[in-house]
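**Student:** please work out how this folds:
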Amino acid sequence: PEPWMRPYGDIDLLIDEADAAPLLQALKEQGYTYAESARGHRAWHFPALFPPGPGPRLEVHTALARERARVLFTVSQWQEALRPAAVHPSLATPSPVDHVLYLVHHAVIHHGLEMGLQGCADVGFWTRNWSSVEWQELDDKAKDLQLSNATSIFLELTEWFWGDGFLSRTTPLLDTPGALWQNAIETIGQGAASERLPHFWRDLPGHDGRGVPSYLRTVIFGDPAQLRELTPRERLAFYLRRPVELLRNHGPALWQLVYGDPATRTAWHAQRDLQAWLRQG
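**Tutor:** Reported below is the predicted structural model:
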C-alpha cells in the first residue's frame, strides 16, 4: 500500500533484442556505466548499469529467463498483451497474468525460493481483486509454459503467508504440491547458508550424470558466449579472479555441507527435491 515499504535495489528493463544497441548507447550518453569487472552479454541480459548519481541499478534484458534450452518472457512473446504503464505511458508493461508467471518463475525456479517471502506479499497484493477469468488464464498459461508445479507451490506459500483464504479464490485450479511446500519453507528459513549453495540441481544440464562435466566446465571456466565478447586482457583478468570469486561465494556453504552441518544439508536436499518435482511440469 505504501511504496516506501517495498524497497528494491535494481530495475529490470525488458527490450526487444534489436533495440539493445541504441538503448545502451543512449544510457551511456546519460552517464550510466558498467561495473569495472562486468563485461559481456549474459545470454539474456547485460551486466548491471549504474546511474551517474544516486539511484537503483538498471539491468537490461532481452528475455527474463532461460532454462530447459528455451528463453521465456520476451517482448515478442508478450507483444499482444503489452499495455502502457500507468505512470509512464511510453513504457509498456505485461498483462497481470504474465506478470505473475514471471514472478513465479523468478522466485521458484531462478532463485530456488531463496529470495525470502517478499514474492508472496507481492502476488497477494497483485491478485487480490482478480476474478475467475484471470485465475483461469493463469492456469492455462502455466500449463502451456510447463510452470504448473512452480505456480502451485508458490500459491501454496502465498496462502501460508497471508492465511486469509487466498487459495479459495483459485480452486479448483492447479494441483497441490502436498507436503513439499513445507520443505520449501525450511529452505527459505535457512537464510544465508542456503543462498550460498551452488544451484547444482537447477543448473545441471540434462539433470543426469552426463551433464556433470558440462556443468563443472561452465562453473570453473565461465559462460563461453560471454567470454567470447571479452578482450584477451579482460579474459585473463576473469580467469585470475574466478577462483577467488568461487571460494568467496560458495566455499563456506560447501564446507558446511561436507562437514555435515544439519541446516546446510537440509537446504541442499530441499533444493534437490524441489527441482526434481518442478521438472515434472
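
**Student:** contacting residues around Asp273?
**Tutor:** Shown in contact with Asp273 (Cβ atoms under 8 Å, 6 or more residues apart in numbering): Leu180, Asn183. To be clear about C-beta, it is placed using only N, CA and C from the backbone, and glycine gets the same treatment.

**Student:** quick one: it and Glu245, what's the gap?
**Tutor:** 28 Å (Cβ to Cβ, to the nearest Å).

**Student:** please apply the same query to Gly119.
**Tutor:** Taking Cβ to Cβ, one finds Gly119 at 27 Å from Glu245.

**Student:** pick out whichever of the two has more residues nearby.
**Tutor:** Taking neighbours as other Cβ atoms under 10 Å, Gly119 and Glu245 compare with Gly119 leading, 22 against 11.

**Student:** from what I can see that one touches Leu155, true?
**Tutor:** No. Counting by Cβ atoms under 8 Å, Gly119 does not reach Leu155; the two are 11.2 Å apart.

**Student:** can you give me the neighbour number for the nearest residue to Ala150 once chain neighbours are set aside?
**Tutor:** Using Cβ to Cβ, 6 or more residues apart in numbering and skipping residues adjacent in sequence, the residue nearest Ala150 is Val108, 4.3 Å away. Neighbour count of Val108, defined by other Cβ under 10 Å: 24.

**Student:** repeat that for Glu2.
**Tutor:** 5.

**Student:** for the stretch 1-150 of the chain, what spans make up the helices?
**Tutor:** In the stretch 1-150 of the chain, the helices defined using DSSP state H, counting those that start in this stretch lie at 20-29, 75-78, 96-104, 118-127, 132-144, 148-162.

**Student:** how about these, which one is nearest Leu240?
**Tutor:** Closest of the helices of the stretch 1-150 of the chain to Leu240 is helix 20-29, at 26.9 Å (criterion: Cβ to Cβ).

**Student:** tell me the contacts of Leu197?
**Tutor:** Shown in contact with Leu197 (Cβ under 8 Å, 6+ apart): His250, Ala253, Leu254, Leu257, Thr264, Ala267, Trp268, Gln271.

**Student:** the third one is in what secondary structure piece?
**Tutor:** What it means is Leu254. In the assignment (DSSP states H and E), Leu254 maps to helix 232-259.

**Student:** I'd like the distance from that helix to the chain centre, please.
**Tutor:** Centroid separation for helix 232-259 versus its chain: 22 Å, with Cα atoms, centre = their mean, to the nearest Å.

**Student:** which parts of that helix are buried?
**Tutor:** Neighbour counts using 16 or more other Cβ atoms under 10 Å place Arg235, Phe238, Ala253, Leu254, Gln256, Leu257 of helix 232-259 among the buried residues.

**Student:** quick check, nearest of the contacts of Leu197 to Leu145?
**Tutor:** Gln271 (21.8 Å).

**Student:** SS state for that closest one?
**Tutor:** Using DSSP: H, G, I helix; E, B strand; the rest coil, the structure places Gln271 in helix.

**Student:** thought it was touching Arg196?
**Tutor:** No. Because the distance of 11.9 Å does not satisfy Cβ under 8 Å, Gln271 is recorded as not touching Arg196.

**Student:** which of these two has more neighbours?
**Tutor:** Of the pair Gln271 and Arg196, Gln271 is the one with more neighbours under other Cβ under 10 Å, namely 24 against 20.

**Student:** output the below-cut-off pLDDT ranges for the stretch 101-250 of the chain.
**Tutor:** 167-179, 186-195, 201-211, 225-226, 228-229 (pLDDT under 70).

**Student:** can you put the buried residues of helix 232-259 in a markdown table and add distance to Ser214?
**Tutor:** Listed next are the buried residues of helix 232-259 as a markdown table, based on distance: Cβ to Cβ, whole Å:
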| residue | distance to Ser214 |
| --- | --- |
| Arg235 | 20 |
| Phe238 | 19 |
| Ala253 | 22 |
| Leu254 | 20 |
| Gln256 | 26 |
| Leu257 | 22 |
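
**Student:** just flag the most distant two among the residues you listed.
**Tutor:** Checking the buried residues of helix 232-259 with Cβ to Cβ, the most distant pair is Arg235 and Gln256, at 32.4 Å.

**Student:** okay then, goodbye and thanks.
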